[in-house]
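Q: Here's my sequence, what's the structure:
(one chain, ligands or ions: 1)
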Amino acid sequence: MQSRIFVNAAQVVTCAGPPRARRGAEMSKLETLPGRAVVITGDRVAAVGPEAELRRSYPDAEEIDCVRGVLTPGLVDSHTHAIFGRARADEQEMRALGLDYMQIAARGGGIHSSVRDLRARGEDELTELARGRLQRLASYGITTIEVKSGYGLTLDDELKALRVIARLARELPMRIVPTFLGAHEIPLEHRSSAAARQAYIDALVHEMIPLVAREGLARFADVFCETGVYTVAESRRILLAARENNLLLKLHADELTSCGGAELAAELGATSADHLGAISEAGIHALAATSTVATLLPGTMLFLGKQTRAPARQLIEAGVPVALATDFNPGTSPTPNLPLILTLGVSQLRLTVSESIFAATVNGAAAVGLAGSVGQLSPGFSADLALFEIDDVGELPYWYGDRRCLGTWVRGKSCHPRHLQLS
Ligand SMILES: [Zn+2]
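A: Residues are numbered from 1 along each chain as shown. Purely as a prediction, here's the structure:
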């Protein structure tokens with residue numbers, strides 16, 4: 001099988017270590033290796049080591065010149081809502097003028113406008129829209145993307161969104177992890193009474209989750225557990241049904257209010273608990289006792305102009321593995337730029353550079369259940385790499401908002417070549 005050798009990198013950042021999320025002080029142990037090269041064979045990493053030595057060991061390997069950039073594991077964006085129709089730029093100005101969520105909803109905005117919009121569009125049209133958006137995410141160095149449904153909120157429309165994800169997972173080179181988020185909101189047509197609300201949750205549990213699982217359309221199920229959306233009891237019921245159907249679990253937990261979402265994630269052994277802007281002390285301790293990854297989404301708070309910050313330092317010091325993700329979505333975080341989220345991780349959540357890099361590689365991979373195969377440059381791991389036009393990895397969160405990615409490779413195949421002429 002043909003091997004390729006990545007040479008002439010200013011630094012190789014491997015994030016190598018055990019095939020699981022990093023916690024506490026482990027997140028500070030980022031190694032930046034000068035004079036190193038990476039060999040990939042087929043779709044796997046074959047070796048990482050001193051360049052001269054690897055050139056001797058793999059004399060027939062095709063060379064890829066890293067042009068003195070920094071080579072890292074491909075970034076993992078473990079939380080996106082990339083399947084939607086129109087942009088919602090109009091709401092940004094409404095917020096600036098002081099309108100709150102309910103007033104924006106009354107003017108036809110908010111999540112329900114994305115639901116109406118997605119329901120009105122066909123699968124082909126949604127696929128084209130999402131394809132461009134996922135390619136944009138990839139252009140920032142992302143090689144693995146978790147993508148949620150959740151703007152359909154009927155059986156047919158959720159299946160439509162999941163089929164779009166499945167199609168793009170087949171067609172695009174990046175690795176896509178599908179999540180069923182039928183419990184993103186209570187649909188408007190189910191809000192007239194307690195019985196109507198109950199009927200939607202029954203449909204999730206008895207119809208939608210079993211069908212999604214049977215058709216193999218999702219790896220994860222997720223619930224928006226929040227005051228005014230799904231209660232802890234409702235979230236538990238939905239997630240238990242998902243677990244019975246062999247789906248892995250995620251939660252939107254404690255984003256705005258401390259309602260016990262993190263504790264529920266810990267109780268159910270969820271793979272990740274996401275947002276956590278209002279997580280309680282008890283929630284932090286509950287997560288620390290499990291392997292659940294805390295996925296923090298600081299772009300959302302920045303975009304909404306809120307001062308709330310997830311307590312990243314407390315989480316890390318308590319031993320909770322922390323990941324960073326874009327939350328790419330049309331309402332509250334329309335950015336495809338994961339390195340910008342690393343900037344926010346460092347400047348607003350007070351992570352170190354090392355912690356922020358682990359948060360978007362190894363811990364992002366753990367947040368999508370792939371820590372054994374993705375997120376590090378170690379022999380046997382998937383050949384997912386990103387090359388950045390910087391001299392030192394500390395510049396990745398530093399040149400904020402800039403796109404420094406020169407190219408990515410997924411399973412050994414060139415995914416997003418920007419400047420390099422690669423096959
Ligand atoms: Zn979300």
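
Q: quick one: L30 and V393 touch, right?
A: Yes: assessed by CB atoms under 8 Å, L30 is found in contact with V393 at 7.1 Å. C-beta here means a position set from N, CA and C on the backbone, and glycine is covered the same way.

Q: Now do the shared contacts for the two.
A: V13, V353, I357 (CB atoms under 8 Å, 6 or more residues apart in numbering).

Q: For the spatially closest residue to the last one that is not a sequence neighbour, give me phi and psi.
A: Same thing as I357. With CB to CB, 6 or more residues apart in numbering as the criterion, I357 has its nearest non-adjacent residue at 5.5 Å, and that residue is L30. When quoted as degrees, to the nearest 10, the phi and psi of L30 stand at phi -80, psi 130.

Q: sorry, back to before: rebuild the shared contacts of L30 and V393 as TSV, extending it with neighbour count, pLDDT and distance to Y398.
A: TSV is the format used below for the shared contacts of L30 and V393 (neighbours: other CB atoms under 10 Å; pLDDT from 0 to 100; distance: CB to CB, whole Å):
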residue	neighbour count	pLDDT	distance to Y398
V13	25	98	15
V353	20	98	8
I357	27	98	12
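
Q: mind listing which of those are in strands?
A: Secondary structure of the shared contacts of L30 and V393 is defined by DSSP state E; positions in strands are V13.

Q: Output the shared contacts of L30 and V393 in CSV; the columns should cover distance to N363.
A: Rendered in CSV, the data for those read as follows (distance: CB to CB, whole Å):
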residue, distance to N363
V13, 14
V353, 14
I357, 10
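
Q: ok, so of the shared contacts of L30 and V393, who is nearest A199?
A: The closest of the shared contacts of L30 and V393 to A199 turns out to be I357 (CB to CB; 45.8 Å).

Q: Contacts only, for that closest one.
A: Taking CB under 8 Å, 6+ apart, we find I357 in contact with V13, C15, L30, T72, L342, V393, L396.

Q: Do me a favour and get the end-to-end distance for stretch 275-287?
A: For stretch 275-287, the first-to-last residue distance is 13 Å (CA to CA, to the nearest Å).

Q: The residue of the chain most remote from its centre and T14, how far apart?
A: Here the centre of the chain is the reference, and by CA atoms, centre = their mean the most remote residue is R56, at 38.2 Å. When CB to CB, to the nearest Å is the yardstick, R56 and T14 sit 20 Å from each other.

Q: what does K413 give?
A: Counting by CB to CB, the gap between K413 and T14 amounts to 20 Å.

Q: same thing with S192?
A: Between S192 and T14 the distance, using CB to CB, works out to 56 Å.

Q: more crowded one of those two?
A: T14 (21 against 9; other CB atoms under 10 Å).

Q: OK, contacts around the more buried one?
A: With contact set as CB under 8 Å, 6+ apart, T14 has these partners: E31, L33, V48, P73, Q376, L377, S378.

Q: Do you know the pLDDT at it?
A: Reported pLDDT at T14 in the predicted model: 97.

Q: Show me where the stretch 201-350 of the chain dips below the pLDDT cut-off.
A: Across the stretch 201-350 of the chain, nothing is flagged by pLDDT under 70.

Q: for the strand or helix carrying L168, packing partners?
A: Here L168 sits within helix 155-171, counting by DSSP states H and E. Packing contacts for helix 155-171, counted by 3 or more CB pairs under 8 Å, 6 or more residues apart in numbering; DSSP states H and E, involve helix 111-120, helix 123-138, strand 175-183, helix 209-214.
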